[in-house]
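# when you get a sec, could you give me coordinates for this:
(one chain, ligands or ions: 1)
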Amino acid sequence: MDLQIRGKKALMAGGSAGMGRATAERLAEAGVELYISARREERLHNAAKEMSEKYGIEVTPIVADSSTDEGRKALFAACPEPDILAITIKPPEPNGDFLKVTPEMWRESTETALIGPIEIMRNYIPGMKDRGWGRIVNIATFSAKNPMIWRLMSGPARSALINYTASVSREIAQFGVNINNILPGMFATEGAEEIMASYAEAFGLEMDRDIITNHFIEHNKIPAGFQAVADDMAPMAALLCSPLSRFIVGQNIVIDGGQHHSLF
Ligand SMILES: NC(=O)c1ccc[n+]([C@@H]2O[C@H](COP(=O)([O-])OP(=O)(O)OC[C@H]3O[C@@H](n4cnc5c(N)ncnc54)[C@H](OP(=O)(O)O)[C@@H]3O)[C@@H](O)[C@H]2O)c1
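This next block holds a predicted model:
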């Protein structure tokens with residue numbers, strides 16, 4: 001399928017690893033001029049170089065923390081006019097006992113998972129409207145719709161994010177600018193690997209990869225029977241970045257192997 005985005009400018013905020021990287025790869029494959037950002041410089045530069053060589057396109061790496069004003073300024077300066085914007089972060093740490101969640105933890109969660117994406121969208125939407133076309137995709141989390149007691153630092157902020165995008169997307173669709181969200185379930189990514197030790201601690205498990213992975217699958221009752229890899233969601237993200245998705249507005253697409261029991 002031709003995604004019809006060859007030559008468009010695409011920014012993947014959080015594009016050096018995991019689902020952000022997989023989405024960037026699918027956009028690169030479709031021939032966009034690509035910008036990717038992340039906080040950690042070495043992995044970011046390697047990702048940009050690898051994708052540029054693999055797909056024969058220009059890939060600009062931007063070292064920027066989306067959760068800070070300073071990071072967002074760097075992003076906006078390096079990539080002022082994207083046609084396509086996708087945004088993600090790394091999975092927040094499991095919170096353990098809910099009674100131990102502090103105001104400071106809520107502030108950090110809100111800055112990273114809610115205010116960061118909103119401020120990035122708020123900066124780019126006026127230009128997309130003026131140019132008469134734009135696509136925005138947030139790679140958030142299925143715990144936005146499916147609350148989990150150990151994902152308090154991830155779900156609530158993203159429930160607010162999808163509430164925000166539900167309203168804003170309906171305001172701007174008339175200008176050819178669509179926002180949609182992907183809500184992933186359990187994926188084996190670099191970010192998931194990084195929080196394994198905290199996951200083991202939260203559930204009192206041995207720090208053993210197989211034990212933790214099996215616990216992920218059993219505890220989370222994934223009907224598909226396996227933990228996904230990042231490219232199990234990236235084709236859908238790329239489709240939402242394309243003109244082909246012009247009638248898809250303000251949707252939250254759960255990609256979780258059937259884990260979330262809900263009709264909508
Ligand atoms: N993996 C799962 O099982 C799972 C489950 C449910 C939901 N999710 C959600 O899916 C999304 C992607 O997760 P993932 O597992 O693909 O994560 P990942 O492997 O850690 O990749 C995240 C990417 O975003 C970058 N990033 C993180 N925080 C950033 C920030 N503040 N500013 C700029 N870039 C940032 C990371 O690079 P740097 O760290 O260098 O900045 C990396 O490139 C997250 O929203 C997560 O909550 C994941």
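
# CA atoms only for stretch 60-80 - export them in CSV, please.
Only the C-alpha atoms of stretch 60-80 are listed here, as CSV (Å, rounded to 0.1, in the frame of the first residue of the first chain):
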residue,chain,number,x,y,z
THR,A,60,17.8,14.7,11.4
PRO,A,61,18.4,13.8,15.1
ILE,A,62,17.4,16.3,17.7
VAL,A,63,18.5,15.9,21.3
ALA,A,64,15.5,17.2,23.3
ASP,A,65,13.5,16.3,26.4
SER,A,66,9.8,16.7,25.4
SER,A,67,8.9,17.2,29.1
THR,A,68,10.8,20.5,29.5
ASP,A,69,10.4,24.0,28.0
GLU,A,70,14.0,24.0,27.0
GLY,A,71,13.8,20.6,25.2
ARG,A,72,10.6,21.6,23.3
LYS,A,73,12.3,24.9,22.2
ALA,A,74,15.1,22.8,20.7
LEU,A,75,12.6,20.6,19.0
PHE,A,76,10.6,23.6,17.5
ALA,A,77,13.8,25.3,16.3
ALA,A,78,15.2,22.2,14.6
CYS,A,79,11.9,21.1,13.0
PRO,A,80,9.6,24.2,12.6
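
# need the three-state assignment for the closest residue to Ala38 other than its chain neighbours.
In space, Ala38 comes closest to Ser16 once its chain neighbours are excluded; the distance is 3.8 Å by C-beta to C-beta, 6 or more residues apart in numbering. Bear in mind the C-beta positions are built from the backbone N, C-alpha and C, glycine included. The three-state label for Ser16, taken from DSSP: H, G, I helix; E, B strand; the rest coil, comes out as coil.

# pLDDT below threshold where in the stretch 1-150 of the chain?
Counting by pLDDT under 70, the stretch 1-150 of the chain contains no low-confidence residues.

# around the ligand, pick out the residues from it.
Counting by C-beta under 6 Å from any ligand atom, the stretch 1-150 of the chain comes close to the ligand at 13-20, 37-40, 43, 65-67, 88-91, 112, 139-141.

# in strands only, show me those.
Here DSSP state E is the test, and those give 13, 37-38, 139 as lying in strands.

# residues touching stretch 51-71, excluding its own?
13-14, 16, 24-25, 28-29, 31-39, 41, 44-45, 47-49, 72, 74-75, 78-79, 87, 89, 111-112, 115-117, 120 (C-beta atoms under 8 Å, 6 or more residues apart in numbering).

# which of those are buried? Put it as a PyMOL command.
Typed into PyMOL, the next command selects the buried ones out of those (criterion: 16 or more other C-beta atoms under 10 Å):
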select buried, resi 13+14+16+24+25+28+29+31+32+33+34+35+36+37+38+39+44+45+47+48+72+74+75+79+87+89+111+112+115+116+117+120
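
# hmm, what's the outermost residue in the protein?
Summary for the chain: using C-alpha atoms, centre = their mean, the residue whose C-alpha lies farthest from the chain's mean C-alpha position is Glu206, with a distance of 29.2 Å.

# give the contact list for the closest residue to that one other than its chain neighbours.
Closest residue in space to Glu206, ignoring its immediate chain neighbours: Ala200 at 6.9 Å, by C-beta to C-beta, 6+ apart. Residues near Ala200 by C-beta under 8 Å, 6+ apart: 206-207, 211-212.

# where does the residue of the stretch 101-250 of the chain found nearest the ligand land on pLDDT?
Scanning the stretch 101-250 of the chain for proximity to the ligand using C-beta to the nearest ligand atom identifies Gly191 as nearest, at 2.2 Å. For Gly191, the pLDDT comes out at 96.
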